[in-house]
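# the sequence and its predicted three-dimensional model are supplied below.
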Amino acid sequence: MIPGLVWGATEAECEQPLPCDELEPGGVQADRAISIDAAPHVVYAWLCQLRVAPYSYDLLDRFGRRSPRRRDPELTELEVGQRFMGQFDLVSFVLGRHITLVTGNICVTYAVRPEGNGTRLVVRMQCGAPRIVARALALGDLFMMRKQLLTLKELAEAEERAVRSE
């Protein structure tokens, strides 16, 4: 296995088709996944927050400005063409299930899957750049995406705990 192409995803998740596969067929595929102890609708709502911030390393992505820690419910109102993370365009979505984003020859699908009492968040990047470039991008993406997924997990689980304690 090539370093940087898989983090947290099972073999079955890597083989499961996602919308980005159709948009960048034959590209270099990188899969990431994480289990989150929060309901799928909460996780999906946090994915919609990617419209305003990447939730990764704020020092790199936002010049030190912190990604919002409070969810804006209005951001769940999606339309194809909306900007995400300042550089991606929303190309498809199914409410509560997935969002698919594109920038240049990079396509990413974030898929929300029920898992027990929580959620499995599966993310796939397909990159149509030349293989050596795509693999380098996948390695950099691993660094950023891992932080993003861990941050989304933290925020969704905190919201879920707050709701359960009410």
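Sure, I can see it.
# show me where pLDDT drops low in the protein?
Applying pLDDT under 70 to the chain picks out residues 1-3, 58-64.
# in stretch 40-54, which residues are buried?
Along stretch 40-54, these residues count as buried under the neighbour rule (16 or more other Cβ atoms under 10 Å): 40, 42-54. Just so you know, the C-beta spots here come from the backbone N, C-alpha and C atoms, and that holds for glycine as well.
# distance to T151 added to these, as CSV?
Output for the buried residues of stretch 40-54, formatted as CSV (distance: Cβ to Cβ, whole Å):
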residue, distance to T151
P40, 18
V42, 14
V43, 12
Y44, 16
A45, 14
W46, 9
L47, 12
C48, 15
Q49, 10
L50, 11
R51, 15
V52, 14
A53, 10
P54, 9
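# ok, the residue nearest to L23 when sequence neighbours are not counted - how many residues close by?
Once flanking residues are discounted, L23 sits nearest to C107: 4.4 Å by Cβ to Cβ, 6 or more residues apart in numbering. Per other Cβ atoms under 10 Å, the neighbour tally for C107 reads 26.
# what's the distance between C107 and L95?
Counting by Cβ to Cβ, to the nearest Å, the gap from C107 to L95 is 20 Å.
# for this structure, what spans make up the helices?
Applying DSSP state H to the chain gives helices spanning 11-15, 19-23, 40-48, 58-61, 131-165.
# how about those in TSV, adding distance to E74?
TSV is the format used below for the helices of the chain (distance: least, Cβ to Cβ, whole Å):
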stretch	distance to E74
helix 11-15	31
helix 19-23	24
helix 40-48	9
helix 58-61	22
helix 131-165	16
